[in-house]
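# sequence? don't have it. structure:
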């Protein structure tokens, strides 16, 4: 299954992001960012389903929780950054 990772700058930011999405009815799960995604040190991400991205972006814009970066999973398990 394809899903998106919304990379956040801190655990607190990831918690706020996930809470805002959950309040809007979007299932969101917090996890540590994979090393290939994290880049500079450790970070946390919020995982959402592929079909939820447009609604999630609207919710995050409305709540001033702009994502740092967004990645989609590829079929081989790698991640590809999504240009917004």
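Nice, thanks for sending it over. All figures in this text were calculated on a predicted structure; none of them were measured in a lab.
# alpha carbons only for contacts and neighbour counts from here, please
Will do.
# part of a helix, is residue 37?
Yes - assignment of residue 37 by DSSP: H, G, I helix; E, B strand; the rest coil places it within a helix.
# how about the helices in this protein?
Using DSSP state H, the helices of the chain run over 11-23, 35-38, 53-62.
# could these be laid out in CSV, adding distance to residue 71?
Below are those laid out as CSV (distance: least, CA to CA, whole Å):
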stretch, distance to residue 71
helix 11-23, 15
helix 35-38, 8
helix 53-62, 11
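# closest to residue 45 out of the ones you listed?
Across the helices of the chain, residue 45 has its closest neighbour in helix 11-23 (6.2 Å, CA to CA).
# quick check: which of the helices of the chain is buried the most?
Scoring those by mean neighbour count under mean count of other CA atoms under 10 Å gives helix 11-23 as the most buried, with a mean of 19.
# give me the number of residues near residue 73?
Per other CA atoms under 10 Å, the neighbour tally for residue 73 reads 16.
# check the one 3 residues further on too.
A total of 6 residues lie near residue 76 under the criterion other CA under 10 Å.
# and it, how close does it get to residue 44?
22 Å (CA to CA, to the nearest Å).
# please apply the same query to residue 58.
With CA to CA as the criterion, residue 58 and residue 44 are 21 Å apart.
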